[in-house]
Each structure stands twice: as structure tokens, then as C-alpha cells.
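> Compute the structure for the input listed below.
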Amino acid sequence: MEVEFYKRKRGDYPIENTISKINDTKLKKNIVHILETLEEHGHQQLIKTHDAKNLKGYKNLYEIVIRHQHLYFRIFFSIFKNKIWLLHAFLKKTNKTPQKEINIAINNKKEIIN
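Down below sits the predicted model:
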């Protein structure tokens with residue numbers, strides 16, 4: 001299934017910007033590997049391997065969690081128009097997902113749909 005990155009109205013791609021700022025080479029390789037798996041095999045494969053999950057309480061909103069040492073890199077995505085849309089990504093040091101990050105993903109999803 002084709003993977004598309006969310007693009008802001010001003011023309012930049014915030015997920016790519018976030019990934020480019022990561023200094024840890026191994027973490028970057030893990031992120032690229034997960035995104036390649038997502039594109040080649042779809043989200044169901046990542047759900048089977050527990051690399052992705054459907055966010056409880058949200059329709060068609062998924063979260064990929066990539067753990068490396070003490071860091072957690074998260075990518076939110078949705079599926080529509082026969083594409084996987086990567087909506088938002090962030091790096092953090094705790095396992096809990098802040099509501100403000102979920103809200104950003106939801107707003108980006110609304111923007112793509114409209």
C-alpha cells in the first residue's frame with residue numbers, strides 16, 4: 001500500500017523534518033526499516049509484530065512505536081483513499097503518549113480529508 005507523508009499548507013513535511021533532526025544512526029535505521037515494512041506489507045503486518053496499534057477511542061488512528069535505548073519515536077497514521085497517511089511524529093523519553101501529540105495527528109488528518 002502506498003505511504004504518503006502529511007504535507008503542511010506551507011509546503012514542508014513535518015515528519016521528514018523530525019526524522020532528519022535525529023542524531024542516533026541506529027534509531028534512524030529502525031525508523032526507515034519500519035516505514036519500508038509499512039509500505040511493503042501494510043499496517044496489518046506491523047500490528048501483528050506489535051510495532052503498531054490502533055489508538056483506543058479513536059477511529060482509524062494508529063500509532064507506530066519505535067523503541068531504542070531510552071527513546072521512544074512515535075508516528076501516527078491513518079488509512080484512507082487506499083493510502084497510508086503518516087500524520088505526525090515525535091520523539092520522547094517516556095512511554096506515555098501526550099494528548100497534545102494525538103491532537104496534532106487528528107488535526108492533520110482532518111486537513112488531509114478536507
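
> What are the boundaries of the helices in this protein?
Here the chain has its helices, by DSSP state H, at 14-20, 25-41, 43-48, 99-113.

> who wins for proximity to Arg67 among the ones you listed?
Comparing these against Arg67 with C-beta to C-beta, the closest turns out to be helix 25-41 (8.5 Å). Any C-beta I mention is one placed from the backbone N, CA and C, and that applies to glycine too.

> Averaged pLDDT, that closest one. What do you get?
Looking at helix 25-41 alone, the average pLDDT works out to 93.

> What of stretch 77-89?
Here the average pLDDT along stretch 77-89 is 94.

> Could you check that stretch and say which residues are buried?
Neighbour counts over stretch 77-89 (16 or more other C-beta atoms under 10 Å) mark Phe77, Ser78, Ile84, Trp85, Leu86, Leu87, His88, Ala89 as buried.

> now, which of these lie within strands?
Phe77, Ser78, Ile84, Trp85, Leu86, Leu87, His88, Ala89 (DSSP state E).

> give me the beta-bridge partners of the first one?
Beta-bridge partners of Phe77, counted by DSSP bridges, are Tyr62, Leu86.

> what's it in contact with, if anything?
Leu38, His43, Ala52, Leu61, Tyr62, Glu63, Ile64, Ile84, Trp85, Leu86, Leu87 (C-beta atoms under 8 Å, 6 or more residues apart in numbering).

> Now for the residues you listed: which two are most distant?
Leu38 and Leu61 (14.9 Å).

> Which one of these two is surrounded by more residues?
Leu38 (22 against 18; other C-beta atoms under 10 Å).

> Many thanks, have a good one.
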